[in-house]
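Predicted model follows, preceded by the sequence.
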Amino acid sequence: MSTPDHDALQARLRAEGLDIFGGVHPAPDEPHLPRGTATLLLLGPHEPGFWARLTASAEWQDGRPDPVDRWSRRVIGRIACDLGAKALFPFAGPPWLPFQSWAERTGRAWPSPVRLLVHDIAGLMVSYRGALALKQRLALPPPPAAAPCDTCAGKPCLAACPPRALTGAGYDVPACHAFLDTARGAGCLTLGCAVRRACPVSARYGRLPEQSAYHMRRFHP
């Protein structure tokens, strides 16, 4: 398969349950990237529909560990092979690849008031399943003019955490785990982090509570 333009490649990815969450034109011979990379595309779940597709996969149903990562390797790896590209993953470490800094460089993800990354489409539910390092230089759509937080009325993420473990002052991980051990923490465990859900952009993204519950169980077994 020859390298398509951005829109054609996005359509191919969406058919697989993925989406382009931003792109970068890196400098020549940039660290952490294969030599000759001209375009780096960051990939995340396409909603609605990602979770249904993933849970129907062989990786989810075979009972082996890490089904989400294994699904990502297979699907993104196959697309990379078709394109003559290289697949990169945020979970393939150590050493860990700088996905957060790449995300900020796309102009489509920013530090939020609670310091977590916020994405223009996924909000605080943003996650990166992988990336494609392409040898061809793809024309990229212009990013948004500003972060969604700049015009967010009230910034509800700042006051959404029941135990005040995740605020503008940072993230108190032990306090978060302690809260999740209580009856009051059941909502976050079954629906997802209250701070992430409070983001108006997250609310429009279409991520299912079942997906958030799965990741919360991984975070707090």
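Looks like it arrived, so ask away.

Point out where the protein drops to low pLDDT.
The chain contains residues with pLDDT under 70 at 1-3.

50 instead, please
1 (pLDDT under 50).

Now for the spatially closest residue to C161 that is not a sequence neighbour: which residues touch it?
Once flanking residues are discounted, C161 sits nearest to V195: 5.1 Å by C-beta to C-beta, 6 or more residues apart in numbering. Quick note: C-beta positions are derived from backbone N, CA and C, even for glycine. The contact partners of V195, by C-beta atoms under 8 Å, 6 or more residues apart in numbering, come to 114, 116, 124, 157, 160-161, 166.

part of a strand, is V195?
No - V195 is assigned helix when assessed by DSSP: H, G, I helix; E, B strand; the rest coil, not a strand.

From P95, how far off is it?
Distance, V195 to P95, using C-beta to C-beta, to the nearest Å: 29 Å.

Mind naming the longest helix for this structure?
Assignment by DSSP state H gives helix 67-83 as the longest helix of the chain.

now for the next helix or strand after it, which elements pack on it?
Per DSSP states H and E, the first helix or strand lying C-terminal to helix 67-83 is strand 86-88. Applying 3 or more C-beta pairs under 8 Å, 6 or more residues apart in numbering; DSSP states H and E, we find strand 86-88 packed against helix 67-83, strand 130-134.

Tell me which of the ones you listed sits most buried.
Mean neighbour count (mean count of other C-beta atoms under 10 Å) peaks for strand 130-134 among the helices and strands packed on strand 86-88, with a mean of 25.
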